[in-house]
Each structure stands twice: as structure tokens, then as C-alpha cells.
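K.L.:
from the sequence below, what's the structure:
(one chain, ligands or ions: 1)
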Amino acid sequence: MSTAITDATVAALAERLDAAATSRTDTPSLADDHTFDIDDAYAVQAALVARREARGEHVTGVKLGFTSKAKMAQMGVSDVIVGRLTDAMRVADGADLDLSRFIHAKAEPEVAYRLARDVDPDDPATDIEACVDALAPALEFIDSRYRDFRFTYEDVVADNTSASAYALGAWRPLADAGDVSNRAVRLLSGPAEAVGSTAAILGSPVRALHALLDMCRRRRIPLRAGQVVLAGAATAAVPLAPGVISCDVAGLGSVSVCVK
Ligand code: 0L1
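P.N.:
Have a look, this model is predicted:
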């Protein structure tokens, strides 16, 4: 349990981040005026997600962040971070995406897993790989609520790891998808292009599943049948701009949205 800040402060920080997201107005780093640790940060995140649920949103899955060596080094950490996705964040493949819903969003090309059954993080015998049944190409739209992207590790966890929106391509049964540990990934956004490999996701997206199980054990985050797992970015994030943005993962297919 958190020791550094009170429950009232947790609630106040969640309210501040929620107001920033709903009003599309950035906010200074929480660390500017609060000292809080990573346990507190996950408590703020839980309170933030609870505010969304109180408005009628449903948790549809989880996302991992800091899954590349470069991002971990930049933030000076050796752990991945986990955030929550909701149905309000889901954008259909091929649909329009309104740029005005964000503060300063960026897009990341990813791989998504689908959970076929509930995961029991307390059972040491849990085989997370056996809990997934399908894979899909994915686009994640991250939108840090912090002014000028200036945030600490704890800040970004409190801000639900910048989770903002996501789109999924067609699911492919795991058995048909084959080994996805090193597939070419291409993000196209107008003239901007980012190319990479699924290997940038902790060496292989499947490692993200194991890292997720570990995080869910430590952070008491439930994982339920039907939920989506966004495994992490395969390239650096690209600023979101009007026009069609697409992600193609070799052998898995593609997903796109039209940013307006
Ligand atoms: O990459 C991620 O999804 C984690 C959040 C990164 C923080 C940000 O750049 O907004």
C-alpha cells in the first residue's frame, strides 16, 4: 500500500489528470508539487480509471509501455509500465478519429493479443501464453496529459501510461500467426514513416505477455477473458496529424484510421 501520499491526495491527483484529459488541457508534472512513489502512481492510475468507470466506461484491456530498451534508458528504468484501456478508447479499423479529442497525441504501431480466458496472476502455474488465442496489428494513440511532455516515470504511470485510444486490425488465430518475434512493422502517416520490428518489443512481443503477468501480480491488475493486451511500441511514436494513418505488421495484416 502507498505510504507517501494520502488517499485524499490520490483522489485529487486523479481528478486533476481526468480534468486535463476531458478538457484537453495540459497540466504540469504532478512531481512539480508532490512527492510520490511508484505505488502511489499506480494508486492514482486506479483512481483515474475508476472515474472513467463511474462515467459508464468499461475496461477492455491493458497496455504496456516502456517496452523498448531505448525508452527504458531514456526514463532511467528497467521495468515496463502497465495502463488500462476502455471501450471509449476503442476506434474501429478504418474509422475516423477526431484530432480535437487529444492534447498532443502520438501514434505507435503495435501487436495486440486477445485473452481467451481469465488469467489468475496468483497461481504460480499460470501460463499466460496459453491464455491468449489471437493476435492483431494495432495502432495505439498515446496522449500525455503533461505540459510539454515533461513527466517523470511516476507521472506517466499516474496518467494511465498516456493511454488515449487504440485501433485493432482483424484478429488472427494464434495457431495461424506463427512466430511473431521478428516481424517487419511499418507505420505510415502522410509523408511520415516509421519502420521497425516486433523484436523492439522486449526482444519479442511474447516477452511482453510474461512482463504483463509479472506486473499484474505486483499491481493487482485483473486480466479477463476477451480483453486486449497492447504489447508495446515497435517503433518510436509519431505525432498524430490529419490524414490516414496505418500500421502494417508482416504476416499479420494492417489497421488504419483516418485522422480528421
Ligand atoms: O509508450 C507508451 O505507451 C508509454 C507511454 C509513453 C509516454 C508518452 O510518451 O506519452
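K.L.:
which bits of the stretch 51-200 of the chain sit near the ligand?
P.N.:
Proximity of the stretch 51-200 of the chain to the ligand (CB under 6 Å from any ligand atom) is limited to residues 65-66, 142, 144, 156, 161-162. All C-beta spots, glycine's among them, are computed from the backbone N, C-alpha and C.
K.L.:
pick out the most distant pair among those.
P.N.:
66 and 144 (13.2 Å; CB to CB).
K.L.:
could you check how far residue 208 is from the ligand?
P.N.:
Separation of residue 208 from the ligand (CB to the nearest ligand atom, to the nearest Å) stands at 12 Å.
K.L.:
pLDDT score assigned to the closest residue to that residue other than its chain neighbours?
P.N.:
Excluding its sequence neighbours, the residue lying closest to residue 208 (CB to CB, 6 or more residues apart in numbering) is residue 231, at 3.9 Å. At residue 231, the pLDDT value in this model is 97.
K.L.:
residues touching the residue nearest the centre of the chain, list them.
P.N.:
Residue closest to the average C-alpha location in the chain (CA atoms, centre = their mean): residue 63, at 3.2 Å. For residue 63, the contact set (CB atoms under 8 Å, 6 or more residues apart in numbering) comprises 82-85, 140, 161, 163, 166, 229-230, 232.
K.L.:
just checking, which of those belong to strands?
P.N.:
Counting by DSSP state E, those place 82-85, 140, 163, 166, 229-230, 232 in strands.
K.L.:
for stretch 162-174, which positions count as buried?
P.N.:
Across stretch 162-174, burial judged by 16 or more other CB atoms under 10 Å covers 162-169, 171-172, 174.
K.L.:
would you mind measuring the gap between the ends of that stretch?
P.N.:
Terminal residues of stretch 162-174 lie 28 Å apart, using CA to CA, to the nearest Å.
K.L.:
avg pLDDT for that stretch?
P.N.:
Stretch 162-174 comes out at a mean pLDDT of 97.
K.L.:
how many residues are close by the residue nearest to residue 208?
P.N.:
29 (other CB atoms under 10 Å).
K.L.:
does it touch residue 110 like I think?
P.N.:
Yes: using CB atoms under 8 Å, residue 231 is in contact with residue 110, at 6.0 Å.
K.L.:
what sits in contact with each of these two?
P.N.:
Joint contacts of residue 231 and residue 110 (CB under 8 Å, 6+ apart) are residue 201.
K.L.:
now do the strands in the protein.
P.N.:
59-65, 81-86, 90-91, 96-97, 106-115, 132-142, 163-168, 172-173, 184-189, 192-197, 228-233, 238-239, 243-249, 253-259.
K.L.:
now the ones you listed as TSV including distance to residue 40?
P.N.:
Below are these laid out as TSV (distance: least, CB to CB, whole Å):
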stretch	distance to residue 40
strand 59-65	18
strand 81-86	14
strand 90-91	29
strand 96-97	32
strand 106-115	26
strand 132-142	22
strand 163-168	19
strand 172-173	39
strand 184-189	34
strand 192-197	33
strand 228-233	24
strand 238-239	30
strand 243-249	34
strand 253-259	34
